[in-house]
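>>> Predicted model follows, preceded by the sequence.
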Amino acid sequence: MSSSLPLLALRAFAETGRLGSMKAAAEAMHVTPGAVSQQIKLLEDRLGQRLFERQNRALQLTKAGRSLLQPLLEGFERIDGAWQSVSNPRRRNRLGISTTAALAGGWLVPRLGRFTAAHPDIELHIETTNRLVDPRRDGIDLCLRHGLGDYPGLAAFRFLTPRLLPVCSPDFLRRMRKRGLPPIRRPADCLDYPLLQDINRVDWPLWLRCHDVDDARGSEGASFEGDLLLVQAALAGQGIALVRDIFASAELAGGRLVCVLDLPWPGQFAYYLVTRPEALRQRKVALFRDWVMGEAATDGPNDLRDRLRLTVA
């Protein structure tokens, strides 16, 4: 019976319905958008009814399309799982995770021992990249990503909401004050000091504007890609860095960095665990999701806030 099914057309429809566009479906299937469009047209001709309606350049599932989509997604998920278990049995308990180097080194990896101790049967594979990785890609079960939570067709769970803090080394502050620079008592005072910028030079201007300071000097200074490099530059006494609290908490608690102003700014962005909705039915994915949420809950904002108060310059 399966030989009579238009499997390629069904896959093209399922990917398009899940992702919301033929272009995204084409990228996931490694074909052209034209090929996806043709397959969907063949499927609609065979069914004798439309599966999508085009509205303002967006695709909307018809009633028939909605009825067909979810069973297909579940079916292809089972097929993929069966194939993996037969072609490579070890991969049944291999959990592929994609995240950023900053989150991996500054938050995730130091905690992973607790997960592996609780679930020794699950083999973790961590890869880091600053570009957005699709969790539908082969070998990746879930992603830990920094964003606004808008991930069409995917399940997203907010687990960390970092705050931006202005930090520097105590030695740097002493050197600057010996040079006659005034103490930092308000946000505008930071502009008299060397600033360390994120790679896009947006965090300092936004933080300053949040505190009613609009000055072109807010975008000046050396720039670094990622919070971990900013923390290292601050530790080396190169200037004041605006970093997310979760990546500097150990340095602040140990006195290697100080917070120059107790004016943290909640960012609009947060960290999300992102995965395919159907992947949550897998034990390994559900266990890791629950573990991440639990670990994040232990970093309560009140506890972190209390620790940071002890290190304000």
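Okay, I see it. Numbers count the residues shown, from 1 in each chain.
>>> buried sites along the helix or strand where residue 9 lies?
Residue 9 is located in helix 7-19, with elements delineated by DSSP states H and E. Within helix 7-19, the residues that qualify as buried by neighbour count (16 or more other C-beta atoms under 10 Å) are 9, 10, 11, 12, 13, 14, 15, 16, 17, 18, 19. (C-beta placed from N, C-alpha, C; glycine too.)
>>> same deal with stretch 275-295?
Within stretch 275-295, the residues scored as buried using 16+ other C-beta under 10 Å are 275, 276, 278, 279, 282, 284, 285, 288, 289, 291, 292, 295.
>>> what's residue 252 sitting at in phi/psi?
Here is the backbone geometry of residue 252 (degrees, to the nearest 10): phi -70, psi -40.
>>> right, and it touches residue 259 too?
Yes - the pair residue 252 / residue 259 is scored as a contact, 6.3 Å apart, by C-beta atoms under 8 Å.
>>> Among the two, which residue is more densely surrounded?
Between residue 252 and residue 259, counted using other C-beta atoms under 10 Å, the more crowded position is residue 252 (23 against 20).
>>> quick one: the more buried one from residue 4, how far?
Residue 252 is 65 Å from residue 4, where distance means C-beta to C-beta, to the nearest Å.
>>> Same check on residue 95?
Counting by C-beta to C-beta, the gap from residue 95 to residue 4 is 36 Å.
>>> okay, the two: which has more neighbours?
Higher neighbour count among residue 95 and residue 4: residue 95, with 20 against 6, using other C-beta under 10 Å.
>>> Mind listing what's buried along the helix or strand that one falls within?
Using DSSP H and E, residue 95 falls within strand 94-99. Under the neighbour-count criterion of 16+ other C-beta under 10 Å, strand 94-99 has 95, 96, 97, 98, 99 buried.
>>> And the strands in the stretch 151-300 of the chain?
Ranges of strands in the stretch 151-300 of the chain, per DSSP state E, counting those that start in this stretch, are 155-160, 163-168, 195-198, 223-224, 240-244, 258-259, 265-266, 270-275.
>>> mean pLDDT lowest for which of those?
For the strands of the stretch 151-300 of the chain, the weakest mean pLDDT is recorded on strand 265-266, namely a mean of 71.
>>> coming back round to it: packing partners for the helix holding residue 9?
Counting contacts by 3 or more C-beta pairs under 8 Å, 6 or more residues apart in numbering; DSSP states H and E, helix 7-19 packs against helix 22-29, helix 33-47, helix 63-87.
>>> Quick one: distance of the longest one to the chain centre.
On the basis of C-alpha atoms, centre = their mean, to the nearest Å, helix 63-87 sits 26 Å off its chain's mean C-alpha point.
>>> From residue 121, how far off is residue 141?
Applying C-beta to C-beta to residue 141 and residue 121 gives a distance of 15 Å.
>>> That should have said residue 114, apologies.
Applying C-beta to C-beta to residue 114 and residue 121 gives a distance of 15 Å.
>>> Which one's more surrounded, these two?
More neighbours surround residue 114 than the other of residue 114 and residue 121, with 12 against 9 (other C-beta under 10 Å).
>>> what sits against the more buried one?
Remark: with contacts taken as C-beta atoms under 8 Å, 6 or more residues apart in numbering, residue 114 is in contact with 291, 295.
>>> That one: what secondary structure?
helix (DSSP: H, G, I helix; E, B strand; the rest coil).
>>> What of residue 144?
Three-state call for residue 144 (three-state DSSP): strand.
>>> Per-residue pLDDT of it, please?
94.
>>> gap between the residue lying closest to it once chain neighbours are set aside and residue 226?
Of all residues not flanking residue 144 in the chain, residue 99 sits nearest, at 3.9 Å (C-beta to C-beta, 6 or more residues apart in numbering). Here residue 99 is placed at a distance of 12 Å from residue 226 (C-beta to C-beta).
>>> Tell me which of the strands of the stretch 151-300 of the chain sits most buried.
Sort these by mean neighbour count, taking mean count of other C-beta atoms under 10 Å, and strand 240-244 sits at the top with a mean of 27.
>>> Which other helices and strands does it contact?
Using 3+ C-beta pairs under 8 Å, 6+ apart, the elements in contact with strand 240-244 are strand 163-168, strand 195-198, helix 203-210, helix 227-235.
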